[in-house]
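Novice: Structure for this input, please:
(chains A and B, ligands or ions: 1)
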Amino acid sequence: MYSEKVMDHFQNPRNVGEIEHASGMGTVGNAKCGDIMRIYLDIDENQIIRDVKFKTFGCGAAVATSSMATELVKGKSIQEAMQVTNKAVMEALDGLPPVKVHCSLLAEEAIHAALWDYAQKHQMTIEGLEQPKSDIGEEEEEEEY
Amino acid sequence: MSEDRRVIYLDNAATTRTRPEVVEAMLPYFTEYYGNPSSVYEFSGVSKNAVAKARKIIADSIGAKPQEIYFTAGGSESDNWALKAAAEAMEEKGRHIITSKIEHHAVLHTCQYLEKRGFEVTYLDVDEDGVVKLDELKGAIRPDTILISIMFANNEIGTIQPVKEIGAIAKDHGIWFHTDAVQAYGHLPIDVDECQIDMMSASGHKINGPKGIGFLYIRTGVKIRSFIHGGAQERKRRAGTENVPGIVGLGKAAQIAADTLAERKKKEEGLREYLMERVLAEVPYARVNGHRSMRLPNNCNFAFQFIEGESLLIMLDMAGICGSSGSACTSGSLDPSHVLLAIGLPHEIAHGSLRLTLSEENTREEMDYVAEEIKRIVERLRSMSPLYEDFIRGKKKNHQQ
Ligand SMILES: Cc1ncc(COP(=O)(O)O)c(C=O)c1O
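Specialist: Sure, this is the predicted structure:
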């Protein structure tokens, strides 16, 4: 059901982990739908993404799109990172099954959410960036067995 | 997939391996005795007798009479027939049907179809183990209730329903009782009289028989019409030239299932308990879904917090282990399994479920391998999970305070 590239990024995800004192961090999705992505960015003084890490709760496609999205923004400027759309992520993965397209959207949103956090911290605006809409819902966190 | 790769098949609730003896019994009915059972000449008598023999075996296996067994194309058809035909037959008396929230889609979607046609359906809740509450069932009964359809055992979490009690309640109120026994037949002893079952669905491919064949038991006196109109086969109630090889295969599988039931049950229960104990002891934040003892002998259903089921399945597949999950991603919808939600699991935990359904062919050594792999994979997925990260952070914070 998945392309070889998707399987590769699922089996050997790039840039998994956390960044202590990240310049920006964003979490999107919610557990109800079964996908949560968190992206950490380390952005240097020239506004270049020096490092990026991710953590994802979700299906094979969710892991693979997070992994690919981090690869696509690593080493790039903020403006270049803004060009990494869900389509770009999907193309780089040789496509996704139709029911998994939302995973690539989530990856794009996760990058944007992390950039938004960075912009907030530095009191700046990034062209084309809007406040991310989805985040982990409060109500879900209360739920337990 | 390379042929020499080790495969541990733990998805017997989805389908089972057709027994070689079953295939062997079927083969002559393709090439040698291919006559139509309805024909008059002696040659087709062989096919006719084979069908009669299979019918007798199956009837005996549930304490029914041969003329109460109707061959169908499987569990889904049997469920559709029972519900739609009972609704039609009884609509003068009433238009209310009672079922449960954890039925298979073959029952649930048929109920939704009937609702669109003016029937009313009550979907009973279940408790946290997945057991239908009998007092709720009694409370739901109305003067216009015409049918109760509750499954014998659940396909996802394996919980066995109090079928005998349900049958008695239905009988007391003069309401027909149908049970979807697709997962139970051939795995648990069933007596249709003892449980006062009026109609019962079963399927060949869940008992090491062929796919595309099953039966509906209809008690004498339960007057429902034909579902497939045409010829006079199956006492005019299910038209179509009989699937003779399939019926022979189903008969053979039913025979072997009945002969080996006790022994198989014991072996599968032993392996199941072993695997469940190991996983619960060695994987933190794991739970078993479904009733611990009132459950199908071969059913394990786990929920692992902080991880998602499809990822787990793919990684198990890479380790040669075939399982299934109630995660939304594996169902093609955004919602996790209706069964896991019905037992009260929150969405994110339902997403992390894993169903492993064993067979008598599995070994303890395989269970050890599976437990080790689950441990390794769950750990790995948790190391990538933002939910787990938050959980650990929260724990540290609490600790410091
Ligand atoms: C409880 C239950 N009912 C009905 C069915 C459908 O049976 P079949 O595949 O023979 O149509 C299944 C099989 O998945 C089942 O588990």
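
Novice: ok, now how distant is the residue in chain B that chain A sits nearest to from residue A:29?
Specialist: Proximity of chain B to chain A (Cβ to the nearest Cβ) peaks at residue B:348, 3.2 Å away. The C-beta positions use only the backbone N, C-alpha and C, and glycine is treated the same way. According to Cβ to Cβ, to the nearest Å, residue B:348 stands 11 Å off from residue A:29.

Novice: hey, what's in contact with both of those two?
Specialist: residue A:57 (Cβ atoms under 8 Å, 6 or more residues apart in numbering or on different chains).

Novice: tell me which parts of the stretch 51-200 of chain B are close to the ligand?
Specialist: Neighbours of the ligand within the stretch 51-200 of chain B, by Cβ under 6 Å from any ligand atom: B:74-76, B:79, B:104, B:106, B:151, B:155, B:180, B:182-183.

Novice: And for residue A:54, nearest residue in space, chain neighbours not counted?
Specialist: residue A:66 (4.5 Å; Cβ to Cβ, 6 or more residues apart in numbering or on different chains).

Novice: Quick one: low-confidence residue ranges for the chain.
Specialist: In the absence of a named chain, this looks at chain A. A:134-145 (pLDDT under 70).

Novice: try again with chain B
Specialist: B:1-4, B:328-334, B:401.

Novice: Can you tell me the SS state at residue B:306?
Specialist: Put simply, residue B:306 is coil when judged by DSSP: H, G, I helix; E, B strand; the rest coil.

Novice: my bad, residue B:37
Specialist: Classification of residue B:37 by three-state DSSP places it in coil.

Novice: again, but for residue B:115
Specialist: Secondary structure assignment for residue B:115 (three-state DSSP): helix.

Novice: Against residue B:96, how distant is it?
Specialist: Applying Cβ to Cβ, the value for residue B:115 to residue B:96 is 11 Å.

Novice: neighbour-wise, which of those two wins?
Specialist: residue B:96 (20 against 13; other Cβ atoms under 10 Å in any protein chain shown).

Novice: Who does the more buried one form a beta bridge with?
Specialist: Counting by DSSP bridges, residue B:96 forms beta bridges with residue B:120, residue B:145.

Novice: circling back: what do residue B:115 and residue B:96 both touch?
Specialist: Counting by Cβ under 8 Å, 6+ apart, the residues touching both residue B:115 and residue B:96 are residue B:121.

Novice: So between residue B:348 and residue A:29, which is more surrounded?
Specialist: Applying other Cβ under 10 Å to residue B:348 and residue A:29 shows that residue A:29 carries more neighbours, namely 28 against 25.

Novice: Contacts for the helix or strand the more buried one falls within, please.
Specialist: Assigned by DSSP states H and E, residue A:29 falls within strand A:24-30. Contacts of strand A:24-30 with the rest of the structure, by Cβ under 8 Å, 6+ apart, involve A:19, A:35-41, A:43, A:57-58, A:106, A:109-119, A:121, A:132, A:134-137, A:140, B:386.

Novice: What segments of the stretch 251-400 of chain B are strands?
Specialist: Along the stretch 251-400 of chain B, counting by DSSP state E, counting those that start in this stretch, strands occupy B:286-288, B:299-304, B:321-322, B:353-357.

Novice: following the strand holding residue A:29, which helix or strand comes up?
Specialist: Immediately after strand A:24-30, counting by DSSP H and E, sits strand A:35-43.

Novice: Name the helix or strand for residue B:122, please.
Specialist: Assigned by DSSP H and E, residue B:122 belongs to strand B:120-124.

Novice: the helices in the chain, which residues?
Specialist: Just going to use chain A. A:4-11, A:60-73, A:78-82, A:86-92, A:101-121, A:138-142 (DSSP state H).

Novice: Can you look at chain B instead?
Specialist: In chain B, the segments counted as helices under DSSP H are B:20-26, B:28-31, B:42-62, B:75-90, B:105-116, B:134-140, B:163-172, B:244-282, B:309-318, B:328-331, B:338-342, B:347-350, B:364-383, B:386-400.

Novice: Run through who's touching the first one.
Specialist: Contacts of helix B:20-26 with the rest of the structure, by Cβ under 8 Å, 6+ apart, involve B:208-210, B:245-246, B:248-249, B:251-253, B:256.

Novice: before we move on, what about the second one?
Specialist: By Cβ under 8 Å, 6+ apart, the surrounding residues in contact with helix B:28-31 are B:47, B:50, B:244-245, B:248.

Novice: Residue B:167 versus the closest residue to chain B within chain A, what's the distance?
Specialist: Nearest residue of chain A to chain B: residue A:31, at 3.2 Å (Cβ to the nearest Cβ). To residue B:167, residue A:31 is 40 Å away according to Cβ to Cβ.

Novice: Looking at the two, which is more packed in?
Specialist: More crowded of residue A:31 and residue B:167, by other Cβ under 10 Å: residue A:31, with 25 against 21.

Novice: thought that one was touching residue A:37?
Specialist: No - using Cβ atoms under 8 Å, residue A:31 makes no contact with residue A:37, being 11.7 Å away.

Novice: Share the number of residues neighbouring the spatially closest residue to residue A:81 that is not a sequence neighbour, please.
Specialist: Nearest non-adjacent residue to residue A:81, counting by Cβ to Cβ, 6+ apart: residue A:73, 4.2 Å away. Residue A:73 has 23 neighbouring residues, counting by other Cβ under 10 Å.

Novice: Tell me who's in contact with residue A:73.
Specialist: Residue A:73 neighbours (Cβ under 8 Å, 6+ apart): A:41, A:49, A:52, A:80-81, A:84, A:111.

Novice: what do you get for residue B:187?
Specialist: Contacts of residue B:187 by Cβ under 8 Å, 6+ apart are B:153, B:206-207, B:257, B:261, B:264-265, B:296-298.

Novice: Distance-wise, check it relative to the ligand.
Specialist: Distance, residue B:187 to the ligand, by Cβ to the nearest ligand atom, to the nearest Å: 11 Å.

Novice: tell me which parts of chain A are close to chain B?
Specialist: Within chain A, the residues that sit near chain B (Cβ under 8 Å from any Cβ of the partner chain) are A:10-11, A:13, A:16, A:18, A:27, A:31-38, A:55-63, A:99, A:140, A:143-145.

Novice: at 7 Å instead, please
Specialist: Residues of chain A lying close to chain B by Cβ under 7 Å from any Cβ of the partner chain are A:10, A:13, A:16, A:18, A:27, A:31-34, A:36, A:38, A:55-60, A:63, A:99, A:140, A:143, A:145.

Novice: ChimeraX command to pick out the buried ones of these?
Specialist: A single ChimeraX command is used to select the members of the residues of chain A next to chain B judged buried by 16 or more other Cβ atoms under 10 Å in any protein chain shown:
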select /A:10,13,16,27,31,32,33,34,36,38,55,56,57,58,59,60,63,99
